[in-house]
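Trainee: Have a look; sequence and predicted model below, questions after that.
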Amino acid sequence: MATVPPYPTHPGDPTGGALRHAHWWQRKWVRYGGLSTLLALSGLVILALVREQTGTEGFLVGLGLAVLPVPLLMTAFRWLDRVEPGPWRNLLFSFAWGACAAALIAIIANSFATRWIATATADPSSADTLGATVIAPVVEESAKAAAVLLVFLFRRRDFTGIVDGVVIAGVTATGFAFTENILYLGTAFGTDQLTGDTGIASVTAATFFVRIIMSPFAHPLFTVLTGIGFGISALSAERHHLRRVLLPLSGLLLAMGMHAIWNGSSTFGEYGFFAVYAAFMVPAFGLLTWLVIWTRQRELKTVREELPAYAVAGWLSPTEPYALGSMRARRLARDYARRHFGRPAARAVAQYEAYATSLAFLRHRGRRGRAEADFVVRERELLAELWWRREVARPALDHAARATAPPVAVTAPPWPVYGVYGYPAGPAAYPAVPYPSYNSYNPYRT
């Protein structure tokens, strides 16, 4: 019979469990060093390949134009991640993997597959079409999905749900699209240099309009489907092994299918691209946007529902669950700490909010029977992080809770009030009614 994790009852001296001795290949400096070396080498190779195809001037033009949508996309994904913000190193890794490793894999694999098909069929035009609609979606989405898989496996504590999958996948695809746009825009600029076209009629302007203005979200939209699959898998219990494998694969297949439809739109006739864009891409983008925003609101609701148990146990103040479940209250708390105690205090409040959110999600999974083996250790670690920052965070969150509390209308009661119009000044003449005691509900108690 399985046992359930114990419930914390008093904030005395929280300590975490002892960590198992790590092998040399599990040490952080080995992982970070190897990964950084891989990404750096991939970046140098992809830089040389793109510069060889576009030329130095075309590379610089493509770089200047391709960077324009990156801040907008990164800001959007970071906004989605504000409820439980993940570490910046995860985002940097995802972007670097997409821009360097995934792009390098795609260029090499796509070129090799297209040449092989052209040689085997003796039909270069059909090889290009087949490569764009079949080979490229499979190769590119698999290369981008590798970043999501790595974060899912090795940064499991930072990967807890759908929003985390969407953010990691979206940032990876943003990096991939950045490198790809440099290549396409640089090549278009080189073509214009040869033909002498300039202005709106140039190939560069047309490429910029299609890839930067109309569809900057195309690659993120495809890969986000893979991220959603991994996010749903992260919400599943450990015993559901088949589901945890099939869900990411299903998301990957959907991403490949949508990517293939997008790349094949040019073969559907003169207006095939615009038809696919209006009838397929825009509705899919709207649906996925609604899904991730709805999921974000569900996360805030989970915070408001799970944290009161810790307030009853004494770990949090009574007002903190409300403040931590409101993005406006969180922002006010950080601003209050920054004004009164400085930037280090604001960072401490932001960390407190992130740890409290992680604690709420951990308890939510445990209450639904999805707790992992390290539940107790992780819960104690999060409680310790909160306890060490409580002196700065509690006043700020209490101020934010009072500032954002909904107004309560006060009206004169229709019954007599003590001390008014001759009634006794106190309730001494009336029998006292004992107040019922409150027993907190413990979902983990067997």
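Mentor: Now that the structure is in, tell me what you want to look at.

Trainee: What helices and strands are in contact with the helix or strand bottoming out on mean pLDDT in the chain?
Mentor: In the chain, no helix or strand scores lower on mean pLDDT, DSSP states H and E than helix 124-130, which sits at a mean of 79. Counting contacts by 3 or more C-beta pairs under 8 Å, 6 or more residues apart in numbering; DSSP states H and E, helix 124-130 packs against helix 103-121. Every C-beta, even on glycine, is put in place using the N, C-alpha and C of the backbone.

Trainee: center of this structure - which residue?
Mentor: Taking C-alpha atoms, centre = their mean, the centroid of the chain lies closest to residue 167, which sits 2.7 Å from it.

Trainee: now the longest helix seen in the chain: mean pLDDT?
Mentor: In the chain, with assignment by DSSP state H, the single longest helix is helix 28-66. Helix 28-66 shows a mean pLDDT of 89.

Trainee: and it, what other elements does it pack with?
Mentor: helix 88-96, helix 103-121, helix 162-195, helix 203-208.

Trainee: One more pass at 6 Å, please.
Mentor: helix 103-121, helix 162-195 (3 or more C-beta pairs under 6 Å, 6 or more residues apart in numbering; DSSP states H and E).

Trainee: Buried deepest among the ones you listed, which one?
Mentor: Mean neighbour count (mean count of other C-beta atoms under 10 Å) peaks for helix 162-195 among the helices and strands packed on helix 28-66, with a mean of 25.

Trainee: so what does it touch, helix or strand wise?
Mentor: helix 28-66, helix 69-80, helix 88-96, helix 136-154, helix 203-208, helix 218-235, helix 282-306.

Trainee: Make CSV from these and add mean neighbour count and distance to residue 351 to it.
Mentor: Converted to CSV, the helices and strands packed on helix 162-195 look like this (neighbours: other C-beta atoms under 10 Å; distance: least, C-beta to C-beta, whole Å):
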stretch, mean neighbour count, distance to residue 351
helix 28-66, 16, 20
helix 69-80, 16, 16
helix 88-96, 19, 13
helix 136-154, 22, 20
helix 203-208, 19, 41
helix 218-235, 26, 22
helix 282-306, 16, 15
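
Trainee: so can I have TSV of the ones you listed showing distance to residue 163?
Mentor: Output for those, formatted as TSV (distance: least, C-beta to C-beta, whole Å):
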stretch	distance to residue 163
helix 28-66	24
helix 69-80	6
helix 88-96	13
helix 136-154	13
helix 203-208	31
helix 218-235	7
helix 282-306	6
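
Trainee: Tell me which of these sits nearest to residue 314.
Mentor: Nearest to residue 314, of all those, is helix 282-306, at 15.9 Å by C-beta to C-beta.

Trainee: Quick one: mean pLDDT for the closest one?
Mentor: Mean predicted lDDT for helix 282-306 stands at 91.

Trainee: C-terminal to that helix, what's the next element?
Mentor: For helix 282-306, the following helix or strand on the C-terminal side (DSSP states H and E) is helix 308-313.

Trainee: hmm, back to that, mind checking how far the residue nearest to the centre of the chain is from residue 152?
Mentor: 12 Å (C-beta to C-beta, to the nearest Å).

Trainee: show me where pLDDT drops low in the protein?
Mentor: Residues of the chain that meet the criterion pLDDT under 70 lie in 1-26, 407-446.

Trainee: one more time with 80
Mentor: 1-32, 121-126, 196-199, 201, 237-241, 266-271, 369-374, 405-446 (pLDDT under 80).

Trainee: any idea how far residue 84 is from residue 263?
Mentor: As defined by C-beta to C-beta, residue 84 lies at a distance of 34 Å from residue 263.

Trainee: Look up the closest residue to residue 397, ignoring the ones flanking it.
Mentor: residue 323 (4.4 Å; C-beta to C-beta, 6 or more residues apart in numbering).

Trainee: what's the helix or strand for the one you found?
Mentor: Assessed by DSSP H and E, residue 323 sits inside helix 320-324.

Trainee: Identify the residues contacting that helix?
Mentor: 303-304, 307-308, 311, 329, 356, 397, 400-401 (C-beta atoms under 6 Å, 6 or more residues apart in numbering).

Trainee: out of those, which are buried?
Mentor: 303, 307-308, 311, 329, 356, 397, 400-401 (16 or more other C-beta atoms under 10 Å).

Trainee: With distance to residue 176 added, can I get these in a markdown table?
Mentor: Formatted as a markdown table, the buried ones among the contacts of helix 320-324 follow (distance: C-beta to C-beta, whole Å):
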| residue | distance to residue 176 |
| --- | --- |
| 303 | 33 |
| 307 | 38 |
| 308 | 42 |
| 311 | 44 |
| 329 | 37 |
| 356 | 34 |
| 397 | 39 |
| 400 | 39 |
| 401 | 42 |
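
Trainee: from these, which two are the most distant?
Mentor: Taking C-beta to C-beta, no two of these sit farther apart than 308 and 400, at 16.8 Å.

Trainee: Send me stretch 259-278 as CSV with only the CA atoms.
Mentor: Taking Å, rounded to 0.1, in the frame of the first residue of the first chain, the C-alpha atoms of stretch 259-278 are listed here in CSV:
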residue,chain,number,x,y,z
HIS,A,259,4.6,22.7,-40.4
ALA,A,260,4.0,20.5,-43.5
ILE,A,261,0.7,22.3,-44.3
TRP,A,262,2.4,25.7,-43.9
ASN,A,263,5.4,24.8,-46.1
GLY,A,264,3.1,23.1,-48.7
SER,A,265,0.8,26.1,-49.0
SER,A,266,2.8,27.5,-51.9
THR,A,267,1.9,24.4,-54.0
PHE,A,268,-1.8,25.0,-53.5
GLY,A,269,-2.0,27.6,-56.3
GLU,A,270,-1.4,31.3,-56.6
TYR,A,271,-3.4,32.2,-53.4
GLY,A,272,-2.6,29.0,-51.5
PHE,A,273,-0.4,30.7,-49.1
PHE,A,274,-3.0,33.3,-48.1
ALA,A,275,-5.7,30.7,-48.0
VAL,A,276,-3.8,28.5,-45.5
TYR,A,277,-2.8,31.6,-43.6
ALA,A,278,-6.3,32.9,-43.1
